[in-house]
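Q: whatever this is, show me its structure:
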Amino acid sequence: MAQESEGKPLSHAIVEAGVKAALADGNKGRYFIAEVDGAPAGQAMVTREWSDWRDGWFWWIQSVYVLPGYRRRGVYRRLHDHIRDAARGADGVCGLRLYVEVGNTPAQETYRAVGMADAGYRLFEEDWSTGSQSGGTAV
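A: Down below sits the predicted model:
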């Protein structure tokens with residue numbers, strides 16, 4: 001998924017361990033699977049972030065993937081609607097968020113089509129999982 005949408009190769013072993021960890025501990029993430037005729041067609045994972053500004057939880061939609069043969073057929077819309085309905089029915093959830101790679105315009109169009117809007121933020125990170133120690137300047 002990362003390779004296809006962002007050109008980023010990932011370690012299979014690390015991804016497998018991460019998925020297993022989330023499946024074993026619902027506090028780490030919750031997976032939603034879309035099926036068509038009983039076969040998997042797409043997926044999304046949801047994690048939570050506490051917002052003190054809103055006194056509520058944002059559900060972050062992550063790891064979105066729809067198999068190529070099912071794209072542009074409403075699979076993500078149904079998956080998104082299901083997640084939105086679950087979030088609206090859960091106590092203390094104030095909204096949905098997701099991040100999208102800046103060059104992935106098809107995904108951005110899809111997210112706008114389901115009612116999401118650019119929140120006006122840029123995402124900054126220090127990613128230590130890659131082994132490189134980028135970010136931060138000594139003062």
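Q: quick one: the strands in this structure, in order.
A: 30-36, 39-51, 56-66, 93-98 (DSSP state E).
Q: of those, which is nearest Glu126?
A: Checking these against Glu126 by CB to CB gives strand 39-51 as the closest, at 17.3 Å. Every C-beta, even on glycine, is put in place using the N, C-alpha and C of the backbone.
Q: other SSEs contacting the closest one?
A: Using 3 or more CB pairs under 8 Å, 6 or more residues apart in numbering; DSSP states H and E, the elements in contact with strand 39-51 are strand 30-36, strand 56-66, helix 75-89.
Q: who touches that strand?
A: 22, 28-35, 56-67, 70, 75-76, 79-80, 83, 87, 94, 97 (CB atoms under 8 Å, 6 or more residues apart in numbering).
Q: mind running it again at 6 Å?
A: 29-34, 57-67, 70, 75, 79 (CB atoms under 6 Å, 6 or more residues apart in numbering).
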